[in-house]
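Enquirer: A predicted structure for the sequence below; I have some questions about it.
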Amino acid sequence: KATPERLELLRGRAAQVAQGGYYAAVEVYLFESPAGAKLAYDYLEDRMKARTGSQPAQARPLANQSAAFRFDGPTIGTTDIPSVYHRVIFRRGNAVVAVQTFGAKPYMSTDQARELAVLVDRKLLGEAPAVEPTPIPTPAIGVIGN
């Protein structure tokens, strides 16, 4: 629901992005075998290539397979500053990883997404600590109908 408080929070976040901040999302998929991960990686790469507006981006290779893409987004909030998404995907053994960043086009490159991908890769290799997230209670979901 678009409450005044929620709208103010969104304006604040848009202002941070317009000034060089960015959002990041990381997905890690583990498969039983490297062969299964390769099939999944190839599928994901093909999907990124086929997406309308998606463009290949330059990034140094990472792990067994990797690719980078760029996708132009809408303007940031009420500004005229264009946004951009960058996605780096890679496969390391039986793991497939997708890292996506979103930020203001003047401040962003594939570098931010790749740096995060390298951090995930270091954790997969045991070169950096992979801290388990703190579990939170599952929120209660009300029953709908009978």
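Expert: Cool, got the structure. Numbers count the residues shown, from 1 in each chain.
Enquirer: what separates residue 66 from residue 92, distance-wise?
Expert: Distance from residue 66 to residue 92, counting by C-beta to C-beta, to the nearest Å: 9 Å. The way it works is simple: take the backbone N, C-alpha and C, and place the C-beta from them, glycine included.
Enquirer: just checking, residue 92 touches residue 64?
Expert: Yes - counting by C-beta atoms under 8 Å, residue 92 touches residue 64, with 6.0 Å between them.
Enquirer: more neighbours, these two?
Expert: residue 92 (21 against 15; other C-beta atoms under 10 Å).
Enquirer: so what pLDDT did that one get?
Expert: Listed pLDDT for residue 92 reads 98.
Enquirer: Who does it form a beta bridge with?
Expert: Taking DSSP bridges as the rule, residue 92 bridges to residue 95.
Enquirer: Now do the same contact list for it.
Expert: 63, 64, 121, 124, 125 (C-beta atoms under 8 Å, 6 or more residues apart in numbering).
Enquirer: try 6 Å
Expert: Contacts here follow C-beta atoms under 6 Å, 6 or more residues apart in numbering; on that basis residue 92 touches 63, 64, 121, 124.
Enquirer: Can you give me the distance of it to residue 81?
Expert: 35 Å.
Enquirer: Where does the prediction get shaky in the protein?
Expert: Within the chain, the stretches with pLDDT under 70 are 1-12, 136, 138-146.
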